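1. Quick one: sequence and predicted model below, then my questions.
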Protein chains: 2
Amino acid sequence: MQVTAEELFLGKSGLYGSDRPMDDQTFSDDEDRRDQEDTRPKYMKIRDAIYRKYIAGRPSNSVIPPERKLAEEFKASRVTIRKAIGKLEADNVVYKVQGGGTYTVEPGIVKSLKLTSFSEDIRARGMVPSSRVLLHERAQADREASWRLKVSPGADVYILRRLRLADGEPMCLEEVTVPLEYVPDIEKQNITGSFYDVLQHKYGLLPVWADQVVSPVVLEPGDVKLLQVAPYSPALKIVRVTFDAKGRRIETTTSLYRGDKYMLHYAVKRD
Amino acid sequence: MQVTAEELFLGKSGLYGSDRPMDDQTFSDDEDRRDQEDTRPKYMKIRDAIYRKYIAGRPSNSVIPPERKLAEEFKASRVTIRKAIGKLEADNVVYKVQGGGTYTVEPGIVKSLKLTSFSEDIRARGMVPSSRVLLHERAQADREASWRLKVSPGADVYILRRLRLADGEPMCLEEVTVPLEYVPDIEKQNITGSFYDVLQHKYGLLPVWADQVVSPVVLEPGDVKLLQVAPYSPALKIVRVTFDAKGRRIETTTSLYRGDKYMLHYAVKRD
DNA sequence: GAGTGGTCTAGACCACTAG
DNA sequence: TAGTGGTCTAGACCACTCG
């Protein structure tokens, strides 16, 4: 029987700042903000409080207090409570039954898909990300990249090809392409960790959402060697186009993930 | 260059009842309800109205009217308008910029993942689903199925194995397992279309959400023959566990999708 | 500064589930 | 029937963007 993604990767997912163990990596913005002074909206704090008090550690299908009671307890309007619970529902932490109540979902079930970089993804899974740069240069966009980025074929782009590892083990081959106009002097940068961090902090490009296409492939000899797997192993090919808040296409990435070590795991809902 | 999922499958996705072409298949509940008398909540109707009036057919990054104006126009409170727009945002149809405005997203970009049956999925892609039953019997749960359904190994289950086709072409091999207690006399049923329909209308089991794990595999000789692809072709293996509103595990499905014809296509967002 | 989206309130009525 | 979540209102203030 094949090992599931859960067993491979998913520890206590330390949601909502409850008890996340810090490693010695750089922290995300989110964690920084949470540490100093909590200026987050009330509904987010309430979401976390509800999680800690009524959900974490509880068996599944436990009832949580009705919205009106929670409104009293947290001194908030019912609308605000509903917004907090709405977030928990979106993350598949609780489910609601009209006329019935709100109940906890079985723990260990994975939450919905979020836009993350490889580094964030691997760190969230409790492993240490690293990478080996294979290519790092300016080039002309080929037909596929230009189509995905909506730039003219042959336009100046920056290409970064890396072997990405989790706990020192090869996990994925990744090729990022960015229109050069967005990252003028990037060749001089030293790219080590999250490329999204570089985009955001050095160039003010904030990824907001991405379009992803996943397909299965059989690895070619060159890739097999880099990923250290058996010839003709299966892999997940993930093609991503990332957009910022203004709808600009800021980068596109093609990744090949080892099929034996990496699976996609997510929750889907009925409309 | 590989053909993208968009080119393969995604036509005008006829969202929000705007101009969906009806085929001669059975209709979903949703469409029925929309046809007779519209008892849906106001915010849903407004969502559709906004979509039709300000989004469909517009170029991307067009501004839509501010919330306060829309509240006047549709004679609703701003909260209700925000709820409608929130749905559009969740479906990746618009994006918002605080202090700026609300803008349309590029059309043709796929919306977020939803829980659908194979039939619904294929129909949404503008093709006609069909299937060939390969196995249809009661059996004892094996170790993997019992673990996924949280029943004792050896418990009575119903197994349905089908080859599923789109426009007459083999697309996927699918094996559904359901605890027999939920579907007592199912062997007598004639399973043709959507199994979710049978669960819902014959047994009152309403799928609400599902946990899915996707991995790549290389097809084995027997499967290759059924799917009519070359030996050792890659495929997507999708393992799903479906839950109802009460958190019960109502079915689990293992599917093998042809890698050359079927891709997963979805949008992810930043937190 | 004017206009936008983001948050929040206090209260109301409806639809549904349960004992 | 009592209690739950689902919807909706009218108004307020804040944070942000833009000209």
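-> Okay, I see it.

2. you'd agree residue A:114 is in a helix?
-> No: assessed with DSSP: H, G, I helix; E, B strand; the rest coil, residue A:114 is coil; it does not lie in a helix.

3. what number of residues lie near the residue of the stretch 151-271 of chain A found nearest DNA strand C?
-> When scored by CB to the nearest atom of the strand, the stretch 151-271 of chain A has residue A:245 as its residue closest to DNA strand C, at 10.1 Å. Backbone N, C-alpha and C define where each C-beta goes, glycine included. Residues near residue A:245, counting by other CB atoms under 10 Å in any protein chain shown, number 17.

4. With residue A:129 instead?
-> Other residues lying near residue A:129 total 20 when counted by other CB under 10 Å.

5. separation between the residue nearest to it when sequence neighbours are not counted and residue A:176?
-> Nearest in space to residue A:129, with sequence neighbours left out and distances taken as CB to CB, 6 or more residues apart in numbering or on different chains, is residue A:122 at 4.0 Å. In this structure, residue A:122 and residue A:176 are 16 Å apart, going by CB to CB, to the nearest Å.

6. Ok, residue A:250 next?
-> Noted for residue A:250: a distance of 10 Å to residue A:176, by CB to CB.

7. Ok, residue A:67 next?
-> 45 Å.

8. Have a look at those two and say which one is more surrounded.
-> Shown here are residue A:67 and residue A:176; by other CB under 10 Å, residue A:176 has more neighbours (21 against 17).

9. How far does stretch A:68-83 sit from its chain's centre?
-> 30 Å (CA atoms, centre = their mean, to the nearest Å).

10. Same question for stretch A:203-222.
-> 12 Å.

11. Just the pLDDT for the closest residue to residue A:152 other than its chain neighbours.
-> Spatial nearest neighbour of residue A:152, excluding adjacent residues (CB to CB, 6+ apart): residue A:146 at 6.2 Å. Residue A:146 carries a pLDDT value of 94.

12. what's in contact with the one helix or strand residue A:146 maps to?
-> Per DSSP states H and E, residue A:146 falls inside helix A:143-149. Defining contact as CB atoms under 8 Å, 6 or more residues apart in numbering or on different chains, one finds that helix A:143-149 is touched by A:141, A:152-155, A:157, A:177, A:179, A:239, A:241, A:249, A:251-252, B:1.

13. so is the closest residue in space to residue A:64 that isn't next to it in sequence in a helix, a strand, or just coil?
-> In space, residue A:64 comes closest to residue A:54 once its chain neighbours are excluded; the distance is 4.3 Å by CB to CB, 6+ apart. Secondary structure, three-state DSSP: residue A:54 is helix.

14. show me the contacts for residue A:54.
-> Contacts of residue A:54 (CB under 8 Å, 6+ apart): A:62, A:64-65, A:104.

15. now, the most widely separated pair of the residues you listed?
-> Farthest apart among those by CB to CB are A:65 and A:104. That separation is 11.9 Å.

16. If you count surrounding residues, which of the two has more?
-> Neighbours per residue (other CB under 10 Å) separate residue A:65 from residue A:104, with residue A:104 holding more: 22 against 16.

17. I'd assumed residue A:202 was in a helix, is it?
-> Yes: looking at residue A:202 with three-state DSSP, it is inside a helix.

18. Next, count neighbours for it.
-> Using other CB under 10 Å: residue A:202 sits among 12 other residues.

19. need the contact list for the residue of the stretch 51-200 of chain A found nearest chain B.
-> Closest contact between the stretch 51-200 of chain A and chain B, by CB to the nearest CB, is at residue A:115 (4.2 Å). By CB under 8 Å, 6+ apart, the contact set of residue A:115 is A:207-210, A:242, B:268-271.

20. Go again with 6 Å.
-> By CB atoms under 6 Å, 6 or more residues apart in numbering or on different chains, the contact set of residue A:115 is A:209-210, B:268-270.

21. Isn't residue A:258 up against residue A:227?
-> Yes: here residue A:258 reaches residue A:227: they are 5.4 Å apart, a contact under CB atoms under 6 Å.

22. Spatially nearest residue to residue A:62 (excluding sequence neighbours)?
-> residue A:104 (4.7 Å).

23. Tell me where chain A has helices.
-> A:5-9, A:29-35, A:42-50, A:67-73, A:78-90, A:118-124, A:143-149, A:195-203, A:221-227 (DSSP state H).

24. Next, format the ones you listed as TSV and append distance to DNA strand C.
-> Output for those, formatted as TSV (distance: least, CB to the nearest atom of the strand, whole Å):
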stretch	distance to DNA strand C
helix A:5-9	29
helix A:29-35	13
helix A:42-50	3
helix A:67-73	8
helix A:78-90	3
helix A:118-124	22
helix A:143-149	27
helix A:195-203	19
helix A:221-227	41
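
25. okay, the ones you listed in a markdown table with distance to residue B:201 next?
-> Shown next, in a markdown table, are these (distance: least, CB to CB, whole Å):
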| stretch | distance to residue B:201 |
| --- | --- |
| helix A:5-9 | 32 |
| helix A:29-35 | 44 |
| helix A:42-50 | 36 |
| helix A:67-73 | 32 |
| helix A:78-90 | 26 |
| helix A:118-124 | 40 |
| helix A:143-149 | 42 |
| helix A:195-203 | 46 |
| helix A:221-227 | 47 |
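
26. DNA strand C contacts on chain A?
-> A:41-43, A:75-80, A:83, A:97-100 (CB under 7 Å from any atom of the strand).

27. Selecting buried members of those in ChimeraX, what would you type?
-> Of these, the buried ones can be selected in ChimeraX as follows, counting by 16 or more other CB atoms under 10 Å in any protein chain shown:
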select /A:43,76,80,83
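
28. Kindly report the residues of the stretch 151-271 of chain A close to chain B.
-> Within reach of chain B by CB under 6 Å from any CB of the partner chain, the stretch 151-271 of chain A has these residues: A:208-218, A:234-236, A:245, A:247, A:259, A:263-271.

29. just the buried members of those?
-> A:208-218, A:234-236, A:245, A:247, A:259, A:263-269.

30. quick one on the thing from earlier: now the residue of the stretch 151-271 of chain A closest to DNA strand C: closest residue in space that isn't a chain neighbour?
-> Once flanking residues are discounted, residue A:245 sits nearest to residue A:208: 4.9 Å by CB to CB, 6+ apart.

31. Can you give me the distance of that neighbour to residue A:176?
-> For residue A:208 relative to residue A:176 (CB to CB), the value is 17 Å.
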